[in-house]
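Participant: okay, predicted coordinates and the sequence, questions at the end:
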Amino acid sequence: MPWNKLKSMFVVTDSPAPSADADVDQTLKDLEKYQVPGDGGNLPPGTDAAALSGRIDFQALYDQAGVPNTDEVEAVERFLGGLDESLPDASKLAASKAFLAAIGKSVNDVLNDAARKITVVRAVQDAKRADTGRAVSERQAAIASLQKQIDDHRASMESAQHDLESVQAQCTTEESRLQGARMFFGHVTDATDAPAAKARR
C-alpha cells in the first residue's frame, strides 16, 4: 500500500499535502509512535522446533503464548476486506471505527492485540535466527572436520604414490642389473657353445 494511503488511514492532519519525499519522511515519523518498542521476548513455553520451520501456524503460537483469543486485528482485516475498494481511505477508517464500536471494541484494542502478537512474531524470528546460527556453526565445524580428513587422505594418497614411484624405480634398476647378468652369461654361453655345435656336424 502506498505511504500516502497508509498515512491517510492512521494519521489525521489538516495541513496541505507536502511533496512526495517530504510526505514519506513525515509518514515514517508519524508511524514511529505505532511501532512496538523492544525486541521479541521468549518463545511460548513448550514450542516445538518443528513449528518454526516451513509454513508457521502463528495463531497456534499466539494461543500457546496466552495471547487473548479476541482477534481484533483479524476482525478488522476481514471487515476491511469486505468493503468496496473504491471507498476513500478516510471512509474505510470511519467504517472500521464504527465496526469496532458495534462489536464492543476500540482502536486501542486493535493496537494492543497487534502489539502482543508482534512480540510473539519477534520471538519466533529471534529464536529461528539463533537456531539457524547454531546449525550453521555446527555444519561449518563438520565441514572443516571433513575437509581435514579429505586433506589427510589426499596427503596419504600422494605419499603412497611417491612411495610407489620410488619402489618402481628401484625395481627397474634391480631388474636391469639382473637382466644384465642373464644377458652376459647367456651371450657368453651361446658364443662358447657355437664351435662345439659346428664340430658335431
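Facilitator: Structure's in. What do you need?
Participant: so how far is residue 118 from the residue nearest the centre of the chain?
Facilitator: The centroid of the chain falls nearest to residue 132 when counting by C-alpha atoms, centre = their mean (6.9 Å). Applying C-beta to C-beta, to the nearest Å, the value for residue 132 to residue 118 is 21 Å. Yep, even glycine has a C-beta here, placed from its N, CA and C like the rest.
Participant: and residue 72, by the same measure?
Facilitator: Relative to residue 118, and taking C-beta to C-beta, residue 72 is found at 13 Å.
Participant: looking at the two, which is more packed in?
Facilitator: More crowded of residue 72 and residue 118, by other C-beta atoms under 10 Å: residue 72, with 21 against 15.
Participant: didn't the more buried one look like it was pressed against residue 104?
Facilitator: No. Residue 72 is not in contact with residue 104 according to C-beta atoms under 8 Å; the separation is 10.6 Å.
Participant: other SSEs contacting the longest helix seen in the chain?
Facilitator: Secondary structure of the chain per DSSP state H: the longest helix is helix 107-200. Applying 3 or more C-beta pairs under 8 Å, 6 or more residues apart in numbering; DSSP states H and E, we find helix 107-200 packed against helix 58-65, helix 72-81, helix 89-102.
Participant: how far off centre is that helix?
Facilitator: 30 Å (C-alpha atoms, centre = their mean, to the nearest Å).
Participant: what about it, average pLDDT?
Facilitator: Helix 107-200 shows a mean pLDDT of 86.
Participant: renumber starting at 824 from here on
Facilitator: Right, with 824 as the first residue, what we last looked at is helix 930-1023.
Participant: give me the angle between that helix and helix 912-925.
Facilitator: 110 degrees (axes from the mean of the first three to the mean of the last three C-alpha atoms, to 10 degrees).
Participant: quick one, helix 930-1023 and helix 895-904 angle?
Facilitator: Helix 930-1023 runs at 100 degrees relative to helix 895-904, counting by the same axes, to 10 degrees.
Participant: which stretch among the helices and strands packed on helix 930-1023 comes nearest residue 975?
Facilitator: helix 881-888 (46.2 Å; C-beta to C-beta).
Participant: name the residues that touch stretch 881-900?
Facilitator: With contact meaning C-beta atoms under 8 Å, 6 or more residues apart in numbering, stretch 881-900 is reached by 866-870, 874, 919, 922-923, 926, 928, 932-933, 935-937, 939-940, 943-944, 946-947.
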